[in-house]
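**Student:** attaching a predicted model along with its sequence, questions to come.
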Amino acid sequence: MSRWSSACITVVLTVAITAGGLLLGNRYLCRQADQPAVFEQGACLDTDGTTTIEDLRVIPQDVKPFAKMFVRTMDLDQRQRLALQFDQRYFAPWNAAEPLFAVRAVAEGARQLADRTWYGENRLRVEPARVQALMALADWAHLPSADQAGIVVKPAFVRVLPTDRPWYEAPDDAPFDHLQFAEIKPNEPVHILHASKDGAWLYIETSYANGWVDPDAIRPADAAMRQRMRDAERIVVVRDFAEVRTETNRMLPQPKVGTLYPLVREERDHWLVEAAVAEGGQRAVFVTARIAKNDARRHPLPLDAEGASRIGNELLKTPYGWGELYRNRDCSATTRDFFIPFGIWLPRNSAKQFASGPSVSLAGLAAADKEQRIREQGIAFRTLLHLRGHIMLYVGLRDHKPVVLHTAWALRYRPENAAEKKAIIGRTILSTLEAGKELPLSQGTLLDRIDGMLLLPVEDWQPGEPAPDPPADTL
């Protein structure tokens, strides 16, 4: 994930350069989802501009018209195979005999990170003494020092080092914090591997991320809880920040799309589910809670017109969030959360998602040939389009042009005899692959830079065989 010059563009930093190593997420937007993209000189400055890119004027920001043309779904047998594969990946932190990520490489990546110059929340350089103190606090030499199955009891951010304080590339680079990686969802399985020297942070692994989290967000999960999670029928949240209330009317942390809960029973207006909470001792316990019928569905959903519309339009409400900062999404968080409800598991960053299966190369083709290849081979709502640092979901054609759903940061353009500017998008949108072509784009259109597409689902993954780690994104 890198700094978008033409959509999601952010600078990628590889923290661990091995198979399954830790990569940083994309960047957060400054404007809310319902605000138009505006042209501006610097990052997140107030302007009087009201002009938006042409695609957002002419393409309705609604997935339904594309989903109505849905023609290629999956049969029951394929869905069942995918459900088994999803469970293998989702529960990998509880099943693995050793860490899923190469811990030595993670530690070495952190040391390389610490050697760079960073700026803090006060726009001043992060003092070398503070950097070294964080490295000492992490106690990398003893990673892993624990081996315990755990479960998420409230949403939390995964951090690259044990601190909430940010590291920016430049003094004015806020809020693009390079220590921010991802958000973990309630009820997710985790592997507890380590603690900071002061005990204020836990180092954990999920099936797709590894790093430091607030220990209040994690509790050990005993064998009975783990078995219940594996065996129970589950429901999946399909609306961000849904209400989850216990039978005593206590509000639990609000989940995002893709959160899974064991199902107790179906009621007329609600699902009765089991939610992991930190209550009564050190271990997590399940409490029964209710979620409105409209906010969740049985997992997995059929990948059909109704499901694609429901999930796609919910994701269209999302502001851009580097590493899911502020509980928003970046490009790969959007594609990952789109497919979870349908029982299709993806890695966390754009490069790893693209490398997760055999892809169709578009590199070196002329723009017209790329479009033709996408029209001929792309399957709407089952095809990811990739360029270095960005990932997009192909949703179909409009006026014979491919349209994608993606979470984008900004378009860079350079007016004649002027400094480079940015058209801030800062949210999830539907656009063509030539979004912003009416501007003098600095690096060409998305179509110019697309290098391949991946058709989902990929059914040949085997446990213990992670995809090879791709090179760092460097746009």
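**Tutor:** That came through fine. These figures come from a predicted structure and were not determined experimentally.
**Student:** residues in contact with residue 205?
**Tutor:** 93, 99, 100, 101, 190, 191, 193 (CB atoms under 8 Å, 6 or more residues apart in numbering). In this view, the C-beta of every residue, glycine as well, is placed from N, C-alpha and C.
**Student:** where does the protein dip in pLDDT?
**Tutor:** Across the chain, the ranges flagged by pLDDT under 70 are 1-51, 460-475.
**Student:** recalculate using a threshold of 50.
**Tutor:** Applying pLDDT under 50 to the chain picks out residues 1-51, 461-475.
**Student:** before we move on, the earlier item: format the contacts of residue 205 as TSV; extra columns: neighbour count, secondary structure and distance to residue 396.
**Tutor:** Listed next are the contacts of residue 205 as TSV, based on neighbours: other CB atoms under 10 Å; DSSP: H, G, I helix; E, B strand; the rest coil; distance: CB to CB, whole Å:
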residue	neighbour count	secondary structure	distance to residue 396
93	24	helix	36
99	20	coil	41
100	21	coil	35
101	19	coil	36
190	28	strand	37
191	25	strand	39
193	23	strand	43
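**Student:** my guess is residue 237 meets residue 252, correct?
**Tutor:** No - judged on CB atoms under 8 Å, residue 237 makes no contact with residue 252 at a distance of 11.8 Å.
**Student:** those two: which has the busier surroundings?
**Tutor:** More neighbours surround residue 237 than the other of residue 237 and residue 252, with 30 against 18 (other CB atoms under 10 Å).
**Student:** just grab the bridge partners of that one for me.
**Tutor:** Residues in a beta bridge with residue 237, per DSSP bridges, are residue 296.
**Student:** how about the strands of the stretch 201-350 of the chain, start to end?
**Tutor:** 202-205, 210-213, 218-220, 234-237, 245-246, 260-266, 270-278, 284-292, 296-298 (DSSP state E, counting those that start in this stretch).
**Student:** what's the answer for the stretch 51-200 of the chain, then?
**Tutor:** All strands of the stretch 51-200 of the chain, identified by DSSP E, counting those that start in this stretch, fall at 148-152, 156-159, 180-184, 189-195.
**Student:** which of these is buried the deepest?
**Tutor:** Neighbour counts averaged per stretch over the strands of the stretch 51-200 of the chain are highest for strand 180-184, at a mean of 26; criterion: mean count of other CB atoms under 10 Å.
**Student:** show me the contact partners of that strand.
**Tutor:** By CB under 8 Å, 6+ apart, the residues outside strand 180-184 that reach it are 22-25, 152, 155-160, 166, 190, 204, 206, 208-209, 211, 213, 217, 256, 322-325, 327, 333, 348.
**Student:** partners of that strand in the sheet?
**Tutor:** Using DSSP bridges, the strands paired with strand 180-184 are strand 156-159 (antiparallel).
**Student:** what about residue 332, neighbour count?
**Tutor:** 30.
**Student:** what's the closest non-adjacent residue to it?
**Tutor:** Computed as CB to CB, 6 or more residues apart in numbering, the closest residue to residue 332 that is not its neighbour in sequence is residue 350, at 4.6 Å.
**Student:** same question for residue 382.
**Tutor:** Excluding its sequence neighbours, the residue lying closest to residue 382 (CB to CB, 6+ apart) is residue 456, at 4.9 Å.
**Student:** may I have the phi/psi pair for that neighbour?
**Tutor:** Dihedral angles phi and psi of residue 456 (degrees, to the nearest 10) take the values phi -110, psi 150.
**Student:** give the buried residues for the top helix by length along the chain.
**Tutor:** Longest helix in the chain by number of residues (criterion: DSSP state H): helix 76-90. Within helix 76-90, the residues that count as buried by 16 or more other CB atoms under 10 Å are 79, 82, 83, 85, 86, 87, 88, 89, 90.
**Student:** so for residue 276, which of the strands of the stretch 51-200 of the chain sits nearest?
**Tutor:** With CB to CB as the measure, strand 148-152 is the member of those nearest residue 276 (4.7 Å).
**Student:** just checking, what packs against that closest one?
**Tutor:** strand 189-195, strand 218-220, helix 223-231 (3 or more CB pairs under 8 Å, 6 or more residues apart in numbering; DSSP states H and E).
**Student:** so what's the residue nearest to residue 382 up against?
**Tutor:** Listed by CB under 8 Å, 6+ apart, the contact set of residue 456 reads 339, 344, 357, 382, 383, 384.
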